[in-house]
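Student: this one's structure only:
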């Protein structure tokens with residue numbers, strides 16, 4: 001089993017290659033390799049990311065098939081199916097690192113800020129559910145910075161939303177809490193920059209810095 005520290009190092013190294021534009025370390029699989037993966041999986045990390053098409057998780061970490069267990073939903077929000085997916089990867093597949101990956105200029109976070117600053121009645125039920133999931137994370141940010149620059153407000157809100165999702169995962173799952181206490185599971189936040197291609201990991205335990 002790959003430890004959380006080893007997994008974090010692999011993600012950092014892969015992202016460094018991606019950000020520098022180096023040739024990907026992973027290529028398309030052969031038929032024989034596909035057959036090998038058909039019998040099982042052992043991803044070394046779980047990534048809860050945003051559905052944004054500009055944030056292809058395996059690519060930005062330069063990882064191949066079978067390396068990452070990826071859960072993607074707009075705004076990297078946490079709901080019961082998301083928690084269950086992360087629990088499955090940690091409990092059944094042995095992944096010991098969970099990364100909540102947000103990104104700069106997140107449209108879901110921006111939409112939530114827009115609703116807070118100027119409420120509308122035009123959101124569909126589905127979009128409303130996403131906004132309602134993000135709202136608790138950014139209400140404080142929007143109240144403090146309501147008169148400031150909107151781009152700066154969005155930057156702070158994106159980071160707040162990532163931290164809120166980390167909190168939801170660690171507070172709302174007895175399974176994950178037990179694995180954190182007893183079996184080396186680590187949950188961290190990270191933000192991908194659309195502008196630079198780099199991932200900034202934050203709130204990482206000091207022994208992993």
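Tutor: That came in fine, so what should we check first? Predicted, not measured: the structure shown is a model, and the values here were computed from it.

Student: OK, contacts around residue 4?
Tutor: 96, 97, 184, 185, 186, 208 (CB atoms under 8 Å, 6 or more residues apart in numbering). (C-beta placed from N, C-alpha, C; glycine too.)

Student: residue 166 too?
Tutor: For residue 166, counting by CB under 8 Å, 6+ apart, the contacting residues are 100, 187, 188, 189, 203.

Student: out of these, which is nearest to residue 12?
Tutor: residue 188 (11.3 Å; CB to CB).

Student: check the secondary structure at the residue lying closest to residue 201 once chain neighbours are set aside for me.
Tutor: Nearest non-adjacent residue to residue 201, counting by CB to CB, 6 or more residues apart in numbering: residue 190, 4.7 Å away. Classification of residue 190 by DSSP: H, G, I helix; E, B strand; the rest coil places it in strand.

Student: okay, buried residues for the helix or strand residue 180 falls within please.
Tutor: Using DSSP states H and E, residue 180 sits in helix 174-182. Going by neighbour count (16 or more other CB atoms under 10 Å), the buried part of helix 174-182 is 176, 179, 180.

Student: tell me which residue lies farthest from the centre of the chain.
Tutor: The outermost residue of the chain relative to its centre, with distances by CA atoms, centre = their mean, is residue 32 at 31.0 Å.

Student: that one belongs to a helix, doesn't it?
Tutor: Yes - looking at residue 32 with three-state DSSP, it is inside a helix.

Student: where is the longest helix in this structure?
Tutor: helix 150-172 (DSSP state H).

Student: quick one: what helix or strand has the residue lying closest to residue 97 once chain neighbours are set aside in it?
Tutor: Leaving aside its chain neighbours, residue 97 sits nearest to residue 7 (3.9 Å; criterion: CB to CB, 6+ apart). Element membership of residue 7, judged by DSSP H and E, is helix 4-19.

Student: list the buried residues for that helix?
Tutor: Within helix 4-19, judged by 16+ other CB under 10 Å, the buried ones are 4, 5, 7, 8, 10, 11, 14, 15, 18, 19.

Student: stretch 48-62: how far from the chain's middle?
Tutor: Here stretch 48-62 shows a centroid-to-chain-centroid distance of 9 Å under the convention CA atoms, centre = their mean, to the nearest Å.

Student: having no further points to raise, I will conclude here.
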